[in-house]
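**Student:** Only the shape, not the letters, is given here:
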Ligand SMILES: Cc1cc2nc3c(=O)[nH]c(=O)nc-3n(C[C@H](O)[C@H](O)[C@H](O)COP(=O)(O)OP(=O)(O)OC[C@H]3O[C@@H](n4cnc5c(N)ncnc54)[C@H](O)[C@@H]3O)c2cc1C
């Protein structure tokens, strides 16, 4: 597996829980070196106005993350607070699928928050925030309670030759799980950037910038903002075509602040920033276009959102960076004032953090076996001509090559569910009892929503 953010760590955790051994290669000095290093990640469902299937996906994703965090919290350092999130509504009218949240009036939302908020809200009592680096570290350190695996014990290893890659179908498999007794684990290698990827028929080989070679039956690409660059190594012509995977890098900043009422009296400067009242810190996370998270040490506000052409190296919480991110700070403070009018003027910025997200047009992750895009386009070209009932060929995939990426602005929410679905797909096993028919249908529906070839298929249909 290449890349140890939420995508890589959650996938590693899911595979280890199914009895697999995982080698996780990370370019940075530690897990969560990229966008997942955000120390205050909001974890809440995402709801749209209509009752779209996406509401169910985001509710399930949220619940899967909460369950994972609850399991990890018992035995790992996991800075987090799940005292509830208020999401301010940007439109009037009913909101669908309120099973994880309830609509509240502006007055009640203000009472819950302990500060005045700008409008009605959906209140998610089970939602909150988690420290991204802690979450990544806990995922790869956790010892699974039970291991379930398929017939063969498959290893990623640093030697010659892959063992059982031929068994690894790229198509979804939902086979029976067998209990195993071996102790599966994640072997995480940091400071190790993957520089080349080669198919070995069967299996995959990756070379690192330090001159090492790793081989494995299956390779999962989870390199966040660098995803397209990494995938280009396997399919350069297809990746050069922007319609195949129309992913965009969006740079973002969060700001750590002290609120004036938290500062000792002598540090407050009434000349430059007059204090008219000593408003409390919000008791709930408040979100809308931006977010405001308070904790005993201060608060974190976010996030800016701007397209970039090349990933900007994540930067960490340094006061000096405030100057470099002045535009982002202004953008964020304007967002905070739209959540709670006047609140931004009570904040003193102390440091910033920045990272790059990889977004998709439909805001859903890209999860599954990596298609052989050129073959795929040729096989499904007839879609342009509209024969709806044609018998289509079996889709072509790069055998044993998988991707989990495009997590956009909600990676802390979607990674756990996406990783579970991917691990089921790869191993043909689950960590639970065999799935019911209804669960299998839902699983296949979610995998279809996140399928890596969906943009290519949509493009072919559009050209009809
Ligand atoms: C400012 C900001 C605020 C955000 N706030 C939230 C929030 O509140 N809630 C939320 O859910 N989400 C939030 N997100 C989004 C979330 O952070 C991302 O969706 C998530 O971190 C993406 O995870 P990832 O694993 O795909 O990528 P990353 O975390 O970037 O991980 C990719 C990893 O791959 C490594 N890598 C890259 N290339 C190589 C290579 N060649 N070899 C080896 N390793 C490599 C990188 O070093 C990196 O560690 C925010 C993002 C930003 C930028």
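**Tutor:** Perfect, thanks for sending it. These numbers come from a predicted model, not from an experiment. Residues are numbered from 1 along each chain as shown.

**Student:** Could you verify that residue 254 is part of a helix?
**Tutor:** No - counting by DSSP: H, G, I helix; E, B strand; the rest coil, residue 254 is not part of a helix but strand.

**Student:** Remind me what the top helix by length along the chain packs against, helices and strands.
**Tutor:** Counting by DSSP state H, the longest helix found in the chain is helix 53-73. The helices and strands touching helix 53-73, judged by 3 or more Cβ pairs under 8 Å, 6 or more residues apart in numbering; DSSP states H and E, are strand 41-43, helix 132-141, helix 411-427, helix 437-449. In short, each C-beta sits where N, CA and C put it, glycine included.

**Student:** State the mean pLDDT of the second one.
**Tutor:** Per-region confidence: helix 132-141 scores 96 on mean pLDDT.

**Student:** Show residues contacting it.
**Tutor:** 4-6, 9-10, 12-13, 24, 30-32, 36-39, 41, 68-69, 72, 76-80, 186, 188, 412 (Cβ atoms under 8 Å, 6 or more residues apart in numbering).

**Student:** Repeat the analysis, applying 7 Å as the threshold.
**Tutor:** In this structure, residues lying in contact with helix 132-141 by Cβ atoms under 7 Å, 6 or more residues apart in numbering are 4-6, 9-10, 12-13, 24, 31-32, 36-39, 41, 72, 76-79, 186, 188, 412.

**Student:** Near the ligand, list only the ones from these.
**Tutor:** 4-6, 36, 38, 41, 412 (Cβ under 6 Å from any ligand atom).

**Student:** Let's have those residues in a markdown table, adding secondary structure and pLDDT.
**Tutor:** Listed next are those as a markdown table, based on DSSP: H, G, I helix; E, B strand; the rest coil; pLDDT from 0 to 100:
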| residue | secondary structure | pLDDT |
| --- | --- | --- |
| 4 | coil | 98 |
| 5 | coil | 98 |
| 6 | helix | 98 |
| 36 | helix | 98 |
| 38 | coil | 96 |
| 41 | strand | 97 |
| 412 | helix | 98 |
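
**Student:** rewinding a little: save the helices and strands packed on helix 53-73 as JSON lines, and put in distance to residue 351 and mean neighbour count too.
**Tutor:** Converted to JSON lines, the helices and strands packed on helix 53-73 look like this (distance: least, Cβ to Cβ, whole Å; neighbours: other Cβ atoms under 10 Å):
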{"stretch": "strand 41-43", "distance to residue 351": "17", "mean neighbour count": "25"}
{"stretch": "helix 132-141", "distance to residue 351": "16", "mean neighbour count": "24"}
{"stretch": "helix 411-427", "distance to residue 351": "21", "mean neighbour count": "26"}
{"stretch": "helix 437-449", "distance to residue 351": "38", "mean neighbour count": "14"}
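
**Student:** Quick one, which of those gets closest to residue 219.
**Tutor:** helix 411-427 (10.5 Å; Cβ to Cβ).

**Student:** The stretch 251-400 of the chain: strands as residue ranges?
**Tutor:** Secondary structure of the stretch 251-400 of the chain (DSSP state E, counting those that start in this stretch): strands at 285-287, 291-295, 298-302, 306-307, 315-318, 347-359, 366-371, 397-405.

**Student:** And those strands, which one averages the lowest pLDDT?
**Tutor:** Note on the strands of the stretch 251-400 of the chain: strand 315-318 shows the lowest mean pLDDT, a mean of 58.

**Student:** What residues does the closest residue to the ligand within the stretch 301-450 of the chain make contact with?
**Tutor:** Nearest residue of the stretch 301-450 of the chain to the ligand (Cβ to the nearest ligand atom) works out as residue 411 at 2.2 Å. By Cβ under 7 Å, 6+ apart, residue 411 lies in contact with 6-7, 35-36.

**Student:** how about a cut-off of 8 Å?
**Tutor:** So residue 411 contacts 5-7, 35-36, 41, 357, 365 (Cβ under 8 Å, 6+ apart).

**Student:** ditto for residue 241
**Tutor:** Per Cβ under 8 Å, 6+ apart, neighbours of residue 241: residue 373.

**Student:** re the thing from before, not counting the longest helix of the chain itself, show me its contacts.
**Tutor:** 10, 13, 43-48, 78, 80, 82, 96-97, 99-100, 126-127, 130, 135, 138-139, 142, 363-364, 410, 412-418, 420, 445-446, 449.

**Student:** sorry, back to before: just the buried ones from the contacts of helix 132-141?
**Tutor:** For the contacts of helix 132-141, a burial check counting by 16 or more other Cβ atoms under 10 Å picks out 4-6, 9-10, 12-13, 24, 31-32, 36-39, 41, 72, 78, 186, 188, 412.

**Student:** got the residues of the stretch 301-450 of the chain near the ligand?
**Tutor:** 302-303, 355, 357, 405, 407-413.

**Student:** now for those, which pair is the farthest apart?
**Tutor:** 302 and 405 (21.2 Å).

**Student:** what domains does the record give for the protein?
**Tutor:** By the assignment in automatic domain parsing, the chain contains the domains 6-38+137-246+361-462, 41-130+248-359.

**Student:** and the end-to-end length of the shortest one?
**Tutor:** Right, domain 41-130+248-359. Length of domain 41-130+248-359, first residue to last, Cα to Cα, to the nearest Å: 17 Å.

**Student:** again, but for the longest one
**Tutor:** Terminal residues of domain 6-38+137-246+361-462 lie 33 Å apart, using Cα to Cα.

**Student:** Contact residues of the stretch 151-300 of the chain facing the ligand?
**Tutor:** 193-194, 222-226, 230, 252-254.

**Student:** list the contacts for the closest residue to the ligand within the stretch 201-350 of the chain?
**Tutor:** The ligand sits closest to residue 224 of the stretch 201-350 of the chain, with a gap of 2.4 Å, by Cβ to the nearest ligand atom. When contacts are counted by Cβ under 8 Å, 6+ apart, residue 224 touches 3, 5, 7, 34-36, 356-358, 405, 407.
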